[in-house]
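Chemist: Quick one, fold the following:
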Amino acid sequence: MSLRKKINQNCRGCINYPYAAGNWRKQTTLCTVTNCSFREVSPVTKPKKLSPRRTRWSNAEIAQHDQKIKNLEYKQFMEALYA
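Modeler: Numbers count the residues shown, from 1 in each chain. Down below sits the predicted model:
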């Protein structure tokens, strides 16, 4: 297995939330883990053209992602509370 495939596999396993918006590459782009040894070489989604008015994700996609993560965290919290 190549180094790139191993890095991608690590990022996919760490950050891929099935209920979050976007595919695993978009989720990796927004990754906030700072102590990851792969941080500098992690895969990112690169748009064809990036202007000051355009971000990698639209505001709607970011809001949807944040809401799904909050719902997932709440669901995990409730499951742990009543387990």
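Chemist: So which bits of the longest helix along the chain are buried?
Modeler: Assignment by DSSP state H gives helix 59-81 as the longest helix of the chain. Within helix 59-81, the residues scored as buried using 16 or more other Cβ atoms under 10 Å are His65, Lys68, Ile69. (Each C-beta comes from the backbone N, C-alpha and C, glycine too.)
Chemist: now swap in stretch 24-33 and tell me
Modeler: Quick answer for stretch 24-33 (16+ other Cβ under 10 Å): Trp24, Arg25, Lys26, Gln27, Thr28, Thr29, Leu30, Cys31.
Chemist: dump the residue contacts of the residue most central in space within the chain.
Modeler: In the chain, the residue lying closest to the centroid (Cα atoms, centre = their mean) is Gln27, at 2.0 Å. For Gln27, the contacting residues are Ile15, Asn16, Tyr17, Ala20, His65, by Cβ atoms under 8 Å, 6 or more residues apart in numbering.
Chemist: ok, now with 6 Å
Modeler: Ile15, Ala20 (Cβ atoms under 6 Å, 6 or more residues apart in numbering).
Chemist: same check, this time on Arg12
Modeler: Trp24.
Chemist: ok, it to Leu81 distance?
Modeler: 29 Å (Cβ to Cβ, to the nearest Å).
Chemist: ditto for Cys11
Modeler: 30 Å.
Chemist: One more: Tyr17?
Modeler: 20 Å.
Chemist: buried stuff in stretch 3-19?
Modeler: Asn8, Cys11, Ile15.
Chemist: Name the helix or strand for the first one, please.
Modeler: This means Asn8. helix 3-15 (DSSP states H and E).
Chemist: what's the spacing between the helix or strand following that helix and its chain's center?
Modeler: The helix or strand immediately downstream of helix 3-15 is helix 24-29, counting by DSSP H and E. Chain-centre distance of helix 24-29: 4 Å, with Cα atoms, centre = their mean, to the nearest Å.
Chemist: One more: stretch 9-27?
Modeler: On Cα atoms, centre = their mean, the centre of stretch 9-27 falls 5 Å from that of its chain.
Chemist: just wondering, since we're on Asp66, how far is it from Ala60?
Modeler: 11 Å.
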